[in-house]
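In: fold the following, please.
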Amino acid sequence: MDLKSFLFVGLVAFIFISCQDESSLIGDQYFESGKYKKAITAYDEYLKLKPRNIKTIYNRGRCYQELGEYDKALEDFNKVIKLDGNNENALLSIGQEMYRKGDYKSAIFYSEKVIQIDRNNAMAYYLMGRSNHKQGHTRRAMNDYNTAINIDDDLGEAYYHRGALRLYLKRNSLACNDLKKAANLNVAGAEEAVRKNCK
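Out: Have a look, this model is predicted:
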């Protein structure tokens, strides 16, 4: 192959790869702007060429999740796990889906898998706290919320739900501190909870 032919083949390959990457990037842009159906279309195009691309499969699953198509989302998250059993994002997303379905034991199972991979994943502890809270395991839930907040002191939802748990346990002063912190972090419902429960 002469130099001219070699350069032509290289250019074609570069354009082909660039077009593939462009579909994924366009999908990401649609996702960021909340155009989830358009993002799915772009991701589908990309996956025709690279069907095992973990990031794109996961992002498509997130789009389905945002659209309320939870079964399709779960299908994509499970595809990711088959390709990478230690993918924290997919494991956590599956845990969130289990929580949404009311399967709190499975939500804890997936949260624990994430924590085995990354002991500093605040969202995994928060999800475990919510799941324990729903099952009435108040001590475990409190420990989980505390750990989540120790890891990420800007995790407003953890303050909000720890505050709710403290209200239930009649620890009103501590509860109000948590609810006020959650309100300062713009957590939905926190300001109303402060008005109702704190003087």
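
In: show me the contacts for the closest residue to Thr147 other than its chain neighbours.
Out: Taking C-beta to C-beta, 6 or more residues apart in numbering, and ignoring the residues beside it in sequence, Thr147 has Tyr125 as its nearest neighbour in space, at 4.5 Å. Where C-beta positions appear, they are placed from N, C-alpha and C, glycine not excepted. By C-beta atoms under 8 Å, 6 or more residues apart in numbering, the residues touching Tyr125 are 111, 115, 144-145, 147-148, 151, 158.

In: next: Asn197.
Out: Asn197 makes contact with 167, 172, 175-176, 179 under the criterion C-beta under 8 Å, 6+ apart.

In: which strand or helix spans the residue nearest to Thr147?
Out: Tyr125 is located in helix 122-134, with elements delineated by DSSP states H and E.

In: could you pull out the buried residues of that helix?
Out: Going by neighbour count (16 or more other C-beta atoms under 10 Å), the buried part of helix 122-134 is 122-133.

In: average pLDDT across the helix or strand following that helix?
Out: Downstream of helix 122-134, the first helix or strand assigned by DSSP H and E is helix 138-151. The average of the pLDDT scores along helix 138-151 is 98.

In: who's in contact with helix 138-151?
Out: For helix 138-151, contacts defined as C-beta under 8 Å, 6+ apart pick out 120-123, 125-126, 128-130, 132-133, 155, 158-159, 161-162, 165, 168-169.

In: against Cys63, how distant is Ile26?
Out: According to C-beta to C-beta, to the nearest Å, Ile26 stands 13 Å off from Cys63.

In: between these two, which has more neighbouring residues?
Out: The neighbour comparison of Ile26 against Cys63 (other C-beta atoms under 10 Å) goes to Cys63, with 26 against 17.

In: now name the helix or strand holding the more buried one.
Out: Here Cys63 is assigned to helix 54-66, by DSSP H and E.

In: if you count neighbours, what's buried in that helix?
Out: The neighbour-count check on helix 54-66 (16+ other C-beta under 10 Å) flags 54, 56-65 as buried.

In: distance from the chain centre to that helix, please.
Out: Averaging C-alpha positions (C-alpha atoms, centre = their mean, to the nearest Å) puts helix 54-66 10 Å from its chain's average.

In: dump the buried residues of helix 122-134 to TSV, plus pLDDT.
Out: Listed next are the buried residues of helix 122-134 as TSV, based on pLDDT from 0 to 100:
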residue	pLDDT
Ala122	97
Met123	97
Ala124	98
Tyr125	98
Tyr126	98
Leu127	98
Met128	98
Gly129	98
Arg130	98
Ser131	98
Asn132	98
His133	97
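
In: let me know the closest of these to Leu83.
Out: Set against Leu83, the nearest of these by C-beta to C-beta is Ala124 (20.4 Å).

In: for that closest one, which non-adjacent residue is closest in space?
Out: In this structure, Ala124 finds its nearest non-sequential neighbour in Val114, 3.9 Å apart by C-beta to C-beta, 6+ apart.
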